[in-house]
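>>> Next come a sequence and a model predicted from it.
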Amino acid sequence: MIQDVDEALRAMLRAGVRQGTQVSVVFDAPTRDWAAKVNSPTVNLYLYDIREDLRRRERGLHNQYDQNGTVTARHRPPRYFKLSYLITAWTKRPEDEHRLLADLLSCLLGLDALPPDRLTGALAAIGLPVPVSLALPPPEDRSFADVWSALGGELKPSLDLVVSVPFSEQTTLPVGPPVGEDGMRLDVSSSVPGEPGATLPNGQPIYGNPGPVVRRPHRRTAGNGHSGQVAEHE
């Protein structure tokens, strides 16, 4: 999935720069040594963070239907992961870098999700939208200055792009046969339900079996003070 996102972003950003500009799109870590080797206009998309998008996590199962509308299988819902890219422009002059960043910002600003025609491979096969967000404030547990410090480079103007990618486990859970017009027959046990020790056909006990009715004697006194006869109550 990650490689499919890389290819989609590469194609989008190449098409988003102004006509006549030859730009390389790479995914290298923008370290000091790497920057010293750049000799042509370059856009760097550095994937610096991967974490689950908990806001999009779903519970339960998804049904799979056949042409008659019958449930044939169930699948676990996909889980979304946020891929965070640090986008930087590299040229000989800062003015050219700012112009290139403006082109990239215009290309990505109107997107709520990656265009479906740019999706390839497993990302296209899953058939789900791939949401994106651009230039939002970083989470409280990290800052862009920390990213540059970890890379050993100098702080540089950048765009933060976050892509929420659906990952599917491809786990299929079988389902039982559909219920017909005559309903469903359930053979619980050959034992009488009230008997203690009644079991299911597989030998498991029937939970909640009340067992036999127990009768206990109870003496009551008549209203005139004379003892009445013993009555039996359930």
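Noted; the coordinates are in hand.

>>> In this structure, what helix or strand scores lowest on average pLDDT?
Comparing every helix and strand of the chain by mean pLDDT, DSSP states H and E singles out strand 231-233 as the least confident one, with a mean of 47.

>>> check contacts around L119.
Taking C-beta atoms under 8 Å, 6 or more residues apart in numbering as the criterion, L119 is in contact with D4, A8, V130. Where C-beta positions appear, they are placed from N, C-alpha and C, glycine not excepted.

>>> do L100 as well
When contacts are counted by C-beta under 8 Å, 6+ apart, L100 touches V17, T21, V23, P41, V43, A89, T91.

>>> could I get these as a markdown table with pLDDT and neighbour count?
Conversion of the contacts of L100 to a markdown table gives the following (pLDDT from 0 to 100; neighbours: other C-beta atoms under 10 Å):
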| residue | pLDDT | neighbour count |
| --- | --- | --- |
| V17 | 82 | 21 |
| T21 | 72 | 13 |
| V23 | 88 | 19 |
| P41 | 91 | 17 |
| V43 | 94 | 26 |
| A89 | 93 | 24 |
| T91 | 91 | 18 |
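
>>> In strands, which of these fall?
Of the positions in the contacts of L100, V43, A89 sit in strands, assigned by DSSP state E.

>>> still on that earlier bit, nearest to S158 among the contacts of L119?
Compare each of the contacts of L119 with S158 using C-beta to C-beta and the shortest gap goes to A8, at 19.8 Å.

>>> Can you give me every residue that contacts that closest one?
So, once contact is read as C-beta under 8 Å, 6+ apart, A8 ends up touching L114, P115, R118, L119, T120, L123, V130.

>>> can you rerun that using 7 Å?
With contacts defined as C-beta atoms under 7 Å, 6 or more residues apart in numbering, the neighbours of A8 are L114, R118, L119, T120.

>>> now those as a markdown table including distance to L136 and pLDDT?
Converted to a markdown table, these look like this (distance: C-beta to C-beta, whole Å; pLDDT from 0 to 100):
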| residue | distance to L136 | pLDDT |
| --- | --- | --- |
| L114 | 17 | 92 |
| R118 | 22 | 90 |
| L119 | 23 | 89 |
| T120 | 26 | 87 |
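
>>> Quick one: buried ones out of those?
Neighbour counting by 16 or more other C-beta atoms under 10 Å classes L114, R118, L119 among the contacts of A8 as buried.

>>> now the residues you listed in TSV, with secondary structure and distance to D33?
As requested, the buried ones among the contacts of A8 are exported to TSV (DSSP: H, G, I helix; E, B strand; the rest coil; distance: C-beta to C-beta, whole Å):
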residue	secondary structure	distance to D33
L114	coil	32
R118	helix	32
L119	coil	34
